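> show me the folded form of this:
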Amino acid sequence: MHIIMPIFQDANGLAIKFFIQKDIAQEIQAELCEVVASLGGRVEAKVPRQGYVLVQPGTAEEERLRLCWMAQDRPQRHFVPYTYVEACKIAGMQLKQIFVENGLPVKMHIHPSIANINARTTLSQRIMHSGGDPTSSPQSAKIILADPNTEVFQHLVKTYQGIPDKHVESYLWVKKCVEKGSIVYTPLIYKNPGGRRPGEERTPFTEDDEQRLCEWIAAKIPYKQTGGRTGNRLYQQLCEMIADPEYAWVSRHTWQSWRERYKKNAVRLDTMIAQIVDQKKPVPGEQGQYGYVRQDEEKNKRPRKKRAKPAEQNLHKQEMIIGGINGNGAEVPVIVFDASAVDSGPSTSRAFVRSSPAEEELEDGEDSEEWAVRIGNEPPPNWGKRPASEESEARNSRKRMKSDDEDSIQGVLLDPGVHLIDRTLQEIATEYRFTLEEVKEFYDQCGEMQRTKARFQKMRQILSSIGES
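Numbers count the residues shown, from 1 in each chain. Okay, the predicted model is just below:
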């Protein structure tokens, strides 16, 4: 019959010694003494050489006890929270102090990625029950515990993987170590950058592979001159046939491997393909996997317009055309002369006269007084004189226009060369007695002539009403 030994007894059956921090509440101390005794242990009045010092974490007395009694020459003296006794009772065994190195607790840091407060508290107590120190900073900690389901975990691994004696572990790692009874760090496994692993053999090509490849190419592209044997699509189609039981052999290699096999052995495999084609003898229309295609029909080319010669282009640039100003160029002769010779003194080049298609040559005796030309200070010919009635009417119309303009702008003469917008702005300024600069400034802001006129008209009305009142 197997005898179950008490938890707090060593292999020799001796009681494990405990010391309780003096400033812990008396009720808690009494309960601890009772539980320790029931589990086979013994509470001492002084700090034992070997055993456990039950402390209350975060107190000044706990810090004093550690400074006074924690030493590397006493590796069997352990400092644990007073809850250690209850944890051992629940676990049904004495929890080993696995997170201790050289008699000192292993420093750990619980990363903020573990956001659950209850989980952080449980993790911290489990570390302290096993001898570790979970209150260290990330810089001084040997082990950083984080949540592996967050993005920051991989960032921490990349940050500290090159630092010796620094480890990033999951929060579940503590429980695994406690269950195993020792520290086992998660090893770093470097990813394969690609290619075959050292010592790994790839699938070699056999004679059957080459024979089947040649039969495939002979069926799809029997004649090399049609092209396409080194393209990707031919071998991709081959690997797409993997679902067919007759093409189960395709799975031995990738389509890239089939293609490279042909490219590197094209001369030898082309001979094998030619022999297969001679045996099959494909009829016309079977010379390629894509068949024949119709040749594009020849399209009638449009004649291009001939460009003018450089000499002719220069001639057009140098010409000055006189005539056709009133739009009736078809009836008025056009005189062309070389403009480059205007300022170069006497020129020997004669003028070219271009005749209109409707122009007819006058016969002898046709030139009469009806088409006489004015010479010197002589009075104009009859055809150039205006009737007296038309002359008086034109003179009266010019007088009316002049008088109307003077009345509209109150005696201010406008320059006929001024732009229409500037002239209108000047009229608005004159009519409503404002400066032209004020009117222009408002017009530049709004960009509307009607709005500008209405604005200054209203302003003049307001000013007039103020003067009357």
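
> K175 contacts R126, doesn't it?
Yes: in this structure, K175 is within contact of R126 by Cβ atoms under 8 Å, at 7.0 Å. For every residue, glycine as well, the C-beta is placed using N, CA and C.

> can I get stretch 91-102 in CSV, CA atoms only?
Presented in CSV, the C-alpha positions along stretch 91-102 are these (Å, rounded to 0.1, in the frame of the first residue of the first chain):
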residue,chain,number,x,y,z
ALA,A,91,-2.2,22.1,-5.8
GLY,A,92,-1.8,19.1,-3.6
MET,A,93,2.0,19.3,-3.7
GLN,A,94,4.9,21.5,-2.7
LEU,A,95,5.5,24.1,-5.5
LYS,A,96,9.1,24.0,-6.6
GLN,A,97,11.1,27.2,-6.7
ILE,A,98,12.0,26.9,-10.4
PHE,A,99,12.3,30.7,-11.1
VAL,A,100,15.5,31.0,-9.0
GLU,A,101,19.0,31.3,-10.4
ASN,A,102,22.1,31.4,-8.2
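
> report how many residues lie close to S257.
For S257, the neighbour count with other Cβ atoms under 10 Å is 15.

> pLDDT of the one helix or strand it maps to, averaged?
Secondary structure here is read from DSSP states H and E; on that basis S257 sits in helix 255-264. Per-residue pLDDT values across helix 255-264 average out to 93.

> list the buried residues in that helix.
The neighbour-count check on helix 255-264 (16 or more other Cβ atoms under 10 Å) flags 255, 258-259, 261-262 as buried.

> the following helix or strand past that helix - contacts with which helices or strands?
Where DSSP H and E defines the elements, the next helix or strand beyond helix 255-264 is helix 266-280. On a contact count with 3 or more Cβ pairs under 8 Å, 6 or more residues apart in numbering; DSSP states H and E, helix 266-280 meets helix 207-220.

> hmm, back to that, so which other helices or strands are in contact with the helix holding S257?
Packed against helix 255-264, as judged by 3+ Cβ pairs under 8 Å, 6+ apart, are the following elements: helix 207-220, helix 232-240.

> just the angle between the first one and helix 255-264, please?
Here helix 207-220 points in a direction 90 degrees away from that of helix 255-264 (axes from the mean of the first three to the mean of the last three Cα atoms, to 10 degrees).

> which residue ranges of the stretch 1-150 of the chain form strands?
If you assign secondary structure with DSSP state E, counting those that start in this stretch, the strands in the stretch 1-150 of the chain sit at 17-20, 42-44, 51-55, 77-81, 100-101, 104-105, 108-110, 143-146.

> out of those strands, which is closest to D278?
With respect to D278, and counting by Cβ to Cβ, the nearest of these is strand 143-146 at 70.1 Å.

> given the closest one, what are its sheet partners and their directions?
Within its sheet, strand 143-146 is paired with strand 108-110 (parallel), strand 167-170 (parallel), according to DSSP bridges.

> among the ones you listed, pick out the one with the most neighbours on average.
Sort those by mean neighbour count, taking mean count of other Cβ atoms under 10 Å, and strand 108-110 sits at the top with a mean of 22.

> sec struct for K158, please.
Classification of K158 using DSSP: H, G, I helix; E, B strand; the rest coil returns helix.

> look up the pLDDT of it for me, please.
The pLDDT attached to K158 in the predicted structure is 87.

> contacting residues for V47?
Contact partners of V47, counting by Cβ atoms under 8 Å, 6 or more residues apart in numbering, are 19, 53, 65, 69, 77.

> give me that answer again for 6 Å
Taking Cβ atoms under 6 Å, 6 or more residues apart in numbering, we find V47 in contact with 19, 69.

> next, find the distance separating it from Q76.
12 Å (Cβ to Cβ, to the nearest Å).

> again, but for R66
Relative to Q76, R66 is positioned 16 Å away (Cβ to Cβ).

> low-confidence stretches in this structure?
Counting by pLDDT under 70, the ranges of the chain that qualify are 1-4, 189-201, 282-372, 374, 384-417, 467-469.

> returning to that earlier point: which of the helices and strands packed on helix 255-264 sits closest to Q139?
The closest approach between Q139 and any of these, judged by Cβ to Cβ, belongs to helix 232-240 at 53.8 Å.

> now the helices and strands packed on helix 255-264 in a markdown table, with distance to D278 and mean neighbour count?
Putting the helices and strands packed on helix 255-264 into a markdown table (distance: least, Cβ to Cβ, whole Å; neighbours: other Cβ atoms under 10 Å) gives the following:
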| stretch | distance to D278 | mean neighbour count |
| --- | --- | --- |
| helix 207-220 | 10 | 17 |
| helix 232-240 | 21 | 16 |
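
> put the alpha carbons of stretch 230-247 into PDB.
Extracted C-alpha coordinates of stretch 230-247, given in PDB (Å, rounded to 0.1, in the frame of the first residue of the first chain):
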ATOM      1  CA  THR A 230       9.200  27.700 -74.100                       C
ATOM      2  CA  GLY A 231       6.100  29.600 -73.100                       C
ATOM      3  CA  ASN A 232       4.500  29.300 -69.700                       C
ATOM      4  CA  ARG A 233       0.900  28.500 -70.900                       C
ATOM      5  CA  LEU A 234       1.900  25.100 -72.400                       C
ATOM      6  CA  TYR A 235       3.200  23.700 -69.100                       C
ATOM      7  CA  GLN A 236       0.500  25.400 -67.000                       C
ATOM      8  CA  GLN A 237      -2.100  23.500 -69.100                       C
ATOM      9  CA  LEU A 238      -0.200  20.300 -68.500                       C
ATOM     10  CA  CYS A 239      -0.400  20.700 -64.700                       C
ATOM     11  CA  GLU A 240      -4.000  21.600 -65.000                       C
ATOM     12  CA  MET A 241      -4.600  18.000 -66.300                       C
ATOM     13  CA  ILE A 242      -3.700  16.600 -62.900                       C
ATOM     14  CA  ALA A 243      -7.300  15.800 -62.100                       C
ATOM     15  CA  ASP A 244      -7.300  13.300 -65.100                       C
ATOM     16  CA  PRO A 245      -6.200   9.900 -63.900                       C
ATOM     17  CA  GLU A 246      -4.200   9.500 -67.100                       C
ATOM     18  CA  TYR A 247      -2.100  12.500 -66.200                       C
END
